[in-house]
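Enquirer: Just the structure for this:
(2 chains)
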Amino acid sequence: MSILAILGFLVGLYAALVYAGTDSMQGNVQRLFYVHLGALMGSALSYGSAFVGGIVYLRTRNIGWDTLALSSVEVGVTLTIIALATGMIWARPTWNTWWTWEPRLTSAAIMALTYAAYLMLRNGIENPRHRRVFASIYSILAISTVIFTFVITRLRSDSIHPIVIGSGATSGQGTFAMTASMQAALAINLVVWCLLITPVFIAWRIRLENARRPEKET
Amino acid sequence: MPETTSYLYLGLVIALSTLGIFILSLALRLRKAFRNTDPLNK
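Expert: Numbers count the residues shown, from 1 in each chain, chains lettered A, B, ... in the order given. From the prediction side, this is the model:
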């Protein structure tokens, strides 16, 4: 599975950098979009899995579910950093600024900080049982920031963040229509990031947590 | 068509570096964890 993820990542990069056509309005920087959306969808999937882990842990008190939630959040934060960084670098030539406090960017920043806080706050609780219960409740509440980030461009008509898939605010700056090769590259990258890279990272992180546990706690 | 290739490279470098740092940190922590659980090391 890990080898498949590496191969998939390379195929995804090839599709984004070579196969997909160059956008006539934005030039080559538009190719970052495939990585940007792939990483963001991967992070959303991770946060979703942390949400599920949190709920099932509270119901069953099985440590494995808490491990899943912790691993998912760590992977999710990494992927969110990639999505934010590539978005900012795309915004510089397109919007003429690295960052602007528009609704989508602000909600994405809140989402990233909320989950970064999960990792920090979790480590601040000494009692392992209390820590797991707190983290589970936190991961359930934190999913609201993910949902909010996804729907914000549909709710706020003044958002300048482009909506490439489906319809939404028409005030998007830097929106582009996708050709068939662009759609294919996007589909490949979404599959690779969501179904290969994210699960493989989470699986390795779970393996690490399981290897650590005997020395730490039971 | 505007020339924005340098931004593409910058974005790729940062994205790949972030992935690389995560993988490296995971690998180092895994190595440490497996060393600690190895009975011969105790």
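Enquirer: Low-confidence stretches in chain A?
Expert: A:166-171, A:214-218 (pLDDT under 70).
Enquirer: which SS class is the residue nearest to residue A:23 when sequence neighbours are not counted?
Expert: In space, and not counting its chain neighbours, residue A:23 is closest to residue A:30: 3.8 Å by CB to CB, 6 or more residues apart in numbering or on different chains. (Glycine included, C-beta is placed from N, CA and C.) Here residue A:30 is helix, with the state taken from DSSP: H, G, I helix; E, B strand; the rest coil.
Enquirer: for residue A:30, what are its contacts?
Expert: A:22-23, A:90, A:176, B:4 (CB atoms under 8 Å, 6 or more residues apart in numbering or on different chains).
Enquirer: can you tell me which helix or strand the nearest residue to residue A:40 once chain neighbours are set aside belongs to?
Expert: Spatial nearest neighbour of residue A:40, excluding adjacent residues (CB to CB, 6+ apart): residue A:83 at 3.9 Å. Taking DSSP states H and E as the definition, residue A:83 sits inside helix A:63-95.
Enquirer: Of all the residues in that helix, which ones are buried?
Expert: A:63, A:65-95 (16 or more other CB atoms under 10 Å in any protein chain shown).
Enquirer: for stretch B:13-22, same thing?
Expert: B:14-15, B:18-19, B:22.
Enquirer: what's the helix or strand for the most centrally placed residue in chain A?
Expert: By CA atoms, centre = their mean, chain A has its centre lying nearest to residue A:43, at 2.0 Å. Per DSSP H and E: residue A:43 is located in helix A:32-60.
Enquirer: For stretch A:84-103, measure first residue to last.
Expert: End-to-end distance for stretch A:84-103, by CA to CA, to the nearest Å: 14 Å.
Enquirer: can that stretch be found next to chain B?
Expert: Yes - applying CB under 8 Å from any CB of the partner chain, one finds stretch A:84-103 in contact with chain B at A:85-86, A:89-90, A:92-93.
Enquirer: Off-centre distance for that stretch?
Expert: 17 Å (CA atoms, centre = their mean, to the nearest Å).
Enquirer: What about chain A: which of the buried residues of stretch B:13-22 touch it?
Expert: Among the buried residues of stretch B:13-22, chain A is touched by B:14-15, B:18-19, B:22 when using CB under 8 Å from any CB.
Enquirer: so of those, which ones are in helices?
Expert: B:14-15, B:18-19, B:22 (DSSP state H).
Enquirer: Columns pLDDT on top of those residues, output as CSV?
Expert: Output for those, formatted as CSV (pLDDT from 0 to 100):
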residue, pLDDT
B:14, 94
B:15, 94
B:18, 95
B:19, 93
B:22, 94
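Enquirer: Looking at those residues, which is nearest residue A:137?
Expert: Distance to residue A:137 across these (CB to CB) is lowest for residue B:22, with 26.2 Å.
Enquirer: And the residue nearest to the closest one when sequence neighbours are not counted, how far from residue B:17?
Expert: Nearest-residue entry for residue B:22: residue A:78, 4.6 Å, with adjacent residues in sequence omitted and distances by CB to CB, 6+ apart. Computed as CB to CB, to the nearest Å, the residue A:78 to residue B:17 distance reads 11 Å.
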